[in-house]
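>>> just a sequence and a predicted model for now, questions to come.
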Amino acid sequence: MANSKNETRETATKQERKNTELSPGRKGSAVTWMWLMGTVAVSLILLLLVFSFVLRYRVAEDVRVALSQESQELRQFAAEVHDPHTGKPFASATDLISAYLARQVPTRTQLLAGTENLPAGEHQLGESLQLLGEKRGAAAPTWADLEPSLRQRLAVPGSGGQAVSASFGKLTWVNVEIQAATDSGSVAIIHFHVADEESIRTQILSLAGVCLVVLVLTGVVAWVVTTRITGHIGEFTRKANRAITRATHHGHTVPQLEETGSAEYVRLAQTTNELLAPAEAAVEREAAFSEDLLHELTTPVALLASGINNPESGITREEMHSEIVRLRASLRGVANWQNFSNGKALTFTNDVSVARIVTEAVTTWNRKQRQLTATPVLAYETQETPTDLTMRGDGQALQSALYELLQNAAHASQITPPDATGPSHSPAQENPALESTAPDRPNSDTQNSDTPNRASADAAVYIFVHTTVENTAAGTSVVITVTDAGRGIPEGEHAMVMRRFGRATNDSQPGSGMGLPICAAIAAAHGGTLTLSPAESGPTGSGPAGTGPTKSRPITSTQAGTGTIAKLCLPVAE
């Protein structure tokens, strides 16, 4: 007991420690916010990189197109324009270049430089170049400001590309050769990228500032949203910890969450409580079952212990044997119920015929009953079960369930109230259509001893087996009804006898109390149900005919208000 109290105290201390830690909801909000902000930041960085790449590419492409157009215009000018003084083609390259430069208006970052052509090889030897003329924009340097080595490279006729000046940065050029009547020259069209780079940097910095503002605003909004989304999780965790602590203090097995708070939390709490409700009910059922089993085993074990330890107690060997049989039946019933409840004893492999299940169970039952010396209780199908009804299930288990219902009906029919004269009987002849061999898997509360003598069919008591088909919105079901005219079940005890070890109070020879629960477990495993109800006026219908199965006469009960109707409802294959 002390250890149990210590464990309870330790559990409560752990829960209180959890409650004082950082709220899981805030942890979740922070983690979600960091992931979101990291994703947004990476996305903005990628956006800046892509924007910079696209911007530089467009500037370079614009420069290339502009240089290409100007070089084409220069070639066209050299070929078509004549010297305005003579009206003839230009005699020298110097005059042609001067006339061309006089007409051009370079851009802000452009330099146009005309030079003479040196003999082949002298460009590589570093010879000085004679400048024939130049024209530049406001942001472009002069030809003389460029490094000599760079000037030599730019003056090569027909050259072009990109270069880097130590003083003026990156530049792009194209050199066009000019042919005159007496000599030749070339014009270098040069574009400097310094201003372009400054413009690109300005635009990127502006976009970066916008991205920073967007990132800050996104962070604020994201924190509000994530806190809103995950806040109820923290609320749920805190209240769940408190519920666990309360349940531990009060000895409850399943905690119950409070259903007050934010709308999101209330929905979570309600759903959780709905999920926990079956678990709590299952725990209570198992606790009740343990108590019932303990009570069920206590009496026979105590009687056996008394008989063994105290031979003079007056307990006879027959009484001890009876208790052993009863104890064995109870344990076997518990094992069977457990196997059928968890589906271990069932085989769902093929579709089985409902008609065959009913016919074989009835035939097996009647064959054994006719061997009794006492009045037999025979089962009679009031109509033929449709042969096209099939269902996915374990045929043997279903036969056992129906056999058990017949056994309970027979037990009730043989033990009648003292003031009852019993049900009326009719002459009967065995129906050849019901003769077949079926595996026998009974699990009954009361076992009748078989004898080789055959009882008279005229003295038989009949149980009616009726099969109907019901079509509902949920699907098609077959209902197998077993009706007897026996002692019945007292009012208010129908649900009780369906529970484990449940026995009717008017049963003077009770069985193990596990037969009907096993039937219900088999039905539930097949998606069906088993229900019991009183037969208000006893069974009605027709017994087997004396001359053939097509002729019959009514059988009624003299025990008005007695009898039981057991309905086994099973879904069938569409």
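Right, received. Where do you want to start? Nothing here was measured: the structure is a model prediction, and the numbers come from that model.

>>> next, the buried residues of stretch 300-313.
P300, L303, L304, G307 (16 or more other Cβ atoms under 10 Å). Yep, even glycine has a C-beta here, placed from its N, CA and C like the rest.

>>> in helices only, show me those.
P300, L303, L304, G307 (DSSP state H).

>>> tell me where the stretch 51-200 of the chain has strands.
Assigned strands in the stretch 51-200 of the chain, in chain order: 110-116, 131-136, 160-165, 169-179, 184-192 (criterion: DSSP state E, counting those that start in this stretch).

>>> out of those, which is closest to P311?
Of all the strands of the stretch 51-200 of the chain, it is strand 169-179 that lies closest to P311, at 117.6 Å by Cβ to Cβ.

>>> got the angle between that closest one and strand 184-192?
For strand 169-179 against strand 184-192, the angle between stretch directions is 160 degrees (axes from the mean of the first three to the mean of the last three Cα atoms, to 10 degrees).

>>> so what touches strand 169-179?
60, 63-64, 67-68, 70-71, 74-75, 78, 93, 96-97, 114, 117, 154-165, 184-194, 197 (Cβ atoms under 8 Å, 6 or more residues apart in numbering).

>>> ok, the ones in helices among the buried residues of stretch 300-313 vs N506, which is closest?
P300 (22.5 Å).

>>> check what pLDDT the closest one gets.
At P300, the model reports a pLDDT of 71.

>>> I'd like the distance between it and Q270.
Look at P300 and Q270: by Cβ to Cβ, to the nearest Å, they are 46 Å apart.

>>> sorry, back to before: any idea which of the strands of the stretch 51-200 of the chain gets closest to A102?
Going by Cβ to Cβ, the one of the strands of the stretch 51-200 of the chain nearest A102 is strand 131-136, 8.4 Å.

>>> roughly how far is that closest one from the heart of the chain?
Strand 131-136 sits 79 Å away from the centroid of its parent chain (Cα atoms, centre = their mean, to the nearest Å).

>>> partner strands of it and their direction?
Applying DSSP bridges, strand 131-136 is found paired with strand 110-116 (antiparallel).

>>> CA atoms only for the partner strand, dumped as CSV, please.
What follows is strand 110-116, C-alpha atoms only, in CSV (Å, rounded to 0.1, in the frame of the first residue of the first chain):
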residue,chain,number,x,y,z
GLN,A,110,29.9,54.8,-74.8
LEU,A,111,33.3,55.6,-76.4
LEU,A,112,33.8,55.7,-80.2
ALA,A,113,37.5,55.7,-81.2
GLY,A,114,38.8,55.6,-84.8
THR,A,115,42.3,54.4,-85.4
GLU,A,116,44.6,53.7,-88.3
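
>>> show me the strands in the chain, by range?
Taking DSSP state E as the criterion, the chain carries its strands at 110-116, 131-136, 160-165, 169-179, 184-192, 351-353, 377-381, 390-392, 461-472, 475-483, 529-534, 541-542, 554-555, 564-571.

>>> what's the weakest-modelled helix or strand in the chain?
strand 554-555 (a mean of 35; mean pLDDT, DSSP states H and E).

>>> which residues touch V214?
Contacts of V214 (Cβ under 8 Å, 6+ apart): V40, L44.

>>> residue ranges for the helices of the stretch 251-400 of the chain, please.
For the stretch 251-400 of the chain, the helices defined by DSSP state H, counting those that start in this stretch cover 263-309, 317-341, 354-369, 395-414.

>>> could you identify which of these is most buried?
Compared across these, helix 395-414 shows the largest average neighbour count, a mean of 25 (mean count of other Cβ atoms under 10 Å).

>>> now do that helix against helix 354-369, angle only.
Using the same axes, to 10 degrees: helix 395-414 against helix 354-369 is 50 degrees.

>>> which helices and strands does helix 395-414 pack with?
strand 351-353, helix 354-369, strand 377-381, strand 461-472, strand 475-483, helix 515-525, strand 564-571 (3 or more Cβ pairs under 8 Å, 6 or more residues apart in numbering; DSSP states H and E).

>>> in JSON lines: these, plus distance to A281 and mean pLDDT.
JSON lines is the format used below for those (distance: least, Cβ to Cβ, whole Å; pLDDT from 0 to 100):
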{"stretch": "strand 351-353", "distance to A281": "32", "mean pLDDT": "83"}
{"stretch": "helix 354-369", "distance to A281": "32", "mean pLDDT": "85"}
{"stretch": "strand 377-381", "distance to A281": "36", "mean pLDDT": "76"}
{"stretch": "strand 461-472", "distance to A281": "26", "mean pLDDT": "82"}
{"stretch": "strand 475-483", "distance to A281": "26", "mean pLDDT": "86"}
{"stretch": "helix 515-525", "distance to A281": "15", "mean pLDDT": "83"}
{"stretch": "strand 564-571", "distance to A281": "23", "mean pLDDT": "86"}
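
>>> can I get the ones you listed in TSV including distance to R108?
Putting those into TSV (distance: least, Cβ to Cβ, whole Å) gives the following:
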stretch	distance to R108
strand 351-353	90
helix 354-369	97
strand 377-381	108
strand 461-472	87
strand 475-483	85
helix 515-525	90
strand 564-571	88
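
>>> so which of those gets nearest T390?
Closest among the helices and strands packed on helix 395-414, using Cβ to Cβ: strand 351-353, at 4.2 Å.

>>> how about the closest one: buried residues?
V352, S353.

>>> can you tell me what sits against it?
Here strand 351-353 has contacts from T387, L389, T390, M391, R392, G393, D394, G395, L398, A573, using Cβ under 8 Å, 6+ apart.

>>> so the fifth one bridges to which residues?
Each beta-bridge partner of R392 is listed here: D351, as defined by DSSP bridges.

>>> does it really touch V354, like I thought?
No - with contacts counted by Cβ atoms under 8 Å, R392 stays clear of V354, the gap being 11.5 Å.

>>> related to what we said a few turns ago, in the buried residues of stretch 300-313, find the pair that's most separated.
Farthest apart among those - using Cβ to Cβ - are P300 and G307, which lie 10.4 Å from each other.

>>> that older thread, can I get the helices of the stretch 251-400 of the chain in TSV with distance to G133?
Formatted as TSV, these follow (distance: least, Cβ to Cβ, whole Å):
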stretch	distance to G133
helix 263-309	80
helix 317-341	107
helix 354-369	111
helix 395-414	110
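
>>> out of the contacts of strand 351-353, which end up buried?
Applying 16+ other Cβ under 10 Å to the contacts of strand 351-353 flags L389, T390, M391, G393, D394, G395, L398 as buried.

>>> same list, those, but as JSON lines with pLDDT and distance to T316 please.
Output for those, formatted as JSON lines (pLDDT from 0 to 100; distance: Cβ to Cβ, whole Å):
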{"residue": "L389", "pLDDT": "79", "distance to T316": "51"}
{"residue": "T390", "pLDDT": "82", "distance to T316": "52"}
{"residue": "M391", "pLDDT": "83", "distance to T316": "49"}
{"residue": "G393", "pLDDT": "81", "distance to T316": "45"}
{"residue": "D394", "pLDDT": "82", "distance to T316": "42"}
{"residue": "G395", "pLDDT": "82", "distance to T316": "43"}
{"residue": "L398", "pLDDT": "85", "distance to T316": "41"}
